[in-house]
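Student: model the following, please.
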Amino acid sequence: MFYIFHSLMRYFQRFNFLLLLLAVCGNTQAANPQGVSARAFKQTFTQSEILERLQVLCDAAKEGERKPNDADLRQVRTQIRAAVDKLRARLARQPAGRETLQLEPLRQSLLRTSDFQPDAITETYQILASPNEFDAEIVGPLFRLLRKYLTLELAVKNEDFSEEYRTFCGGIPAFVETFLSGEYPEYGPALTDAVVWLSDLDECAPLAGRIAAFLNETFGHSNLFVQVSSDFLSHAFQRTIEEPLLVNDRVLDTRVHGSGQVSGQTSIEFCPNEDRAQIKLLLTTQMSTNTVGRNGPIRVSSTGDGSVWGEKTVFLADDLFRTTPARSSTDLAIRTTGIGVEGRCLTPGIVLKIAQNQLPKRKPRYDAESRRIAVSRLNSRLNSEVDQQINQLFARYRKEFREPLLETGLFPTPWKFQTTATELKWSALVAASFQQGAASNPPELPDHSDIAVRVHQTALNNAAQSQWAGRRIEIDEFLSQLQEKYPKLAEQIHRDEEDPLTAITFAEKSPVSLTFKKNLVTIVVHIDRFEQDEQEHPGLDITIKYRVKVEKTGENGMETRNFVFEKAEAPTVFPPGFDPNGGARMGARYFAIRNIVMKRLDQELQDTFVVSPVELEEQWKDKGRLIPQTIAADQGWLAVSFLFQ
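Tutor: Reported below is the predicted structural model:
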């Protein structure tokens, strides 16, 4: 599944200049479809229902809330002190060097009730607000309390708080209505700030907390859906087994040696499960053996034939992988082909006669033990090989998926795995704390597909905000990293030696905004500052629009499909907030950098960009290709699907 993401991203990364400015796109990564349970999606409300409920809450909040006071601040200080003590105890149990947060100055400040100084709260909050410095899971509770205190402190000091609060609540419905239109994704950070502020006022203004909770619920739906067919995944697990078998066992009190042959096939089977993914790994083999058993002077020759079936179940739930012990069964039948006496024996005839009489009595136990050994051997092999593969997959998942997203605060929670009889489904909410998810369920997929991805614009915009807000990118360093990770792509990007840019700094709010509407993909890049060596240029907003469609082509009587991205109009480059139709003139200081950027856009952006059938690697190499099937961009959702042929 992870490979599919990377394969898709490599195609989108061919927007060379966009890759420079939109690196997030390269790194980020309705009715129920057939076979999907009604529990697959959360219940959503229509836009009118959302606005109606929100209006009721906001009207009540304007009339019924009180201004925070000093008692509220004292209560939060008590909560902070308890959180500090808890965190200090937890950090003391961490390995050396894990967290270097100094909490003693804050603790001593909180203990001084008569001459309390809030500077320690501000200083600690600023330290914890530094991105990627501390584990958000560990310091999160304290960080939220510090932020809450600072919010309430400003409210207490603000004499006009009550009037400003009523005005704020009165404007929320109109703001949310605009955001719900999907045409202004750059409003997302402002909505996040509003929800955070309302949440901080919760205890002294309960209706503010209810508004925040309602907005979290409204925009709290999963914004990334992936589904993979069992037919496609089976190609990764199907393997033909043809190998010799060496027998060296002790069956009851008989030492058995010999050889044989094992022929078999591995496969997978999806088990319907609404709460987690449940996949059976199956192994079916035919076994034949030719053995000799020795017990003292008695020699017994035998042949064996039969089938051995094994299965092992893999569960995927949240971010955990779990396997069950292997279970096997067999119908192995053993036939005696000869019996004799070896070595020195004073009475070989008598010994042979006794053995011939005893053999029928012992054979049922002997055969049962032989089948038990065959089953045990298969169980052991399944457990060792599958567990090793799962451990490798989980290690790769942690390194390539979990850890990078944890660092940026974008690790999806909640997320969910499901299986039907024919599909593996995965859904997730890609959003940092208080960021928005989708307000609607994903569009229905019109046809059967082997790979389908449906992503809401909030997932990509949240990723951009968390990963690139305010970030300064040195171009040479970025290209060096690109060369290391994607050498083929790096070859396609050429620096402009006449007017080289040395660094860019993304805007603090909405560094990249994407919208999907009426099969039009609109990308707006907000740059706060450009640098050319020692010279700085003011920032610009860059807007690029591509229309998406499926193009059918025929060759040698065979129909194939491509995803086509056609430039919908010429890119625009303007200063932030500038209206080209408003009559105002653009400032002279913008012209130089605007010309450089427009030149690069003209050089690098293709008029048409085509996603052709995808050649697969690893387990799928030489087994087929992913053929583009459907693509649609509308109502905030981008949906793409492929067939495996």
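Student: going by C-alpha atoms from here, please, whenever you check contacts or count neighbours.
Tutor: OK.
Student: tell me the domain boundaries of the protein?
Tutor: 2-29+454-644, 47-218, 228-400 (automatic domain parsing).
Student: which of the ones you listed sits closest to residue 424?
Tutor: The closest of these to residue 424 is domain 228-400. By C-alpha to C-alpha, the value is 5.2 Å.
Student: got the residue ranges for the strands in the stretch 451-600 of the chain?
Tutor: 451-456, 472-474, 503-506, 512-517, 520-532, 535-538, 541-555, 558-567, 572-574 (DSSP state E, counting those that start in this stretch).
Student: neighbouring strands for the last one, and are they parallel or not?
Tutor: It refers to strand 572-574. strand 541-555 (antiparallel) (DSSP bridges).
Student: again with the fourth one
Tutor: The strands that strand 512-517 pairs with in its sheet are strand 520-532 (antiparallel) (by DSSP bridges).
Student: redo the domains of the chain as CSV? Include mean pLDDT.
Tutor: Listed next are the domains of the chain as CSV, based on pLDDT from 0 to 100:
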stretch, mean pLDDT
domain 2-29+454-644, 78
domain 47-218, 86
domain 228-400, 86
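Student: what's the closest of these to residue 439?
Tutor: domain 47-218 (5.6 Å).
Student: how far does that closest one sit from the chain's center?
Tutor: Offset of domain 47-218 from its chain centre (C-alpha atoms, centre = their mean, to the nearest Å): 28 Å.
Student: please, where are all the helices along the stretch 101-250 of the chain?
Tutor: Secondary structure of the stretch 101-250 of the chain (DSSP state H, counting those that start in this stretch): helices at 104-111, 119-128, 136-157, 161-180, 188-200, 206-218, 230-237.
Student: excluding residues flanking it in the chain, which one is nearest residue 529?
Tutor: Closest residue in space to residue 529, ignoring its immediate chain neighbours: residue 539 at 4.3 Å, by C-alpha to C-alpha, 6 or more residues apart in numbering.
Student: separation between the one you found and residue 507?
Tutor: 8 Å (C-alpha to C-alpha, to the nearest Å).
Student: residue 161 and residue 66 touch, don't they?
Tutor: No - applying C-alpha atoms under 8 Å, one finds residue 161 not in contact with residue 66, separated by 9.7 Å.
Student: buried residues in the helix or strand hosting residue 90, which are they?
Tutor: Element membership for residue 90 (DSSP states H and E) is helix 70-92. For helix 70-92, the neighbour count (16 or more other C-alpha atoms under 10 Å) marks 72, 73, 76, 77, 80, 81, 83, 84, 87, 91 as buried.
Student: quick one: contacts for the fifth one?
Tutor: It stands for residue 80. By C-alpha atoms under 8 Å, 6 or more residues apart in numbering, the contact list for residue 80 reads 142, 145, 146.
Student: same check, this time on the second one
Tutor: The neighbours of residue 73, taking C-alpha under 8 Å, 6+ apart as the test, are 149, 152, 153.
Student: shouldn't the second one be in contact with residue 201?
Tutor: Put plainly, it is residue 152. Yes - if you go by C-alpha under 8 Å, residue 152 and residue 201 touch, sitting 6.9 Å apart.
Student: spit out the residues that contact those two alike.
Tutor: With C-alpha under 8 Å, 6+ apart, residue 152 and residue 201 have common neighbours residue 68.
Student: which of the contacts of residue 80 ranks first by neighbour count?
Tutor: Compared across the contacts of residue 80, residue 146 has the highest neighbour count, 24 neighbours, by other C-alpha atoms under 10 Å.
Student: ok, it to residue 278 distance?
Tutor: 43 Å.
Student: with residue 152 instead?
Tutor: Residue 152 is 48 Å from residue 278, by C-alpha to C-alpha.
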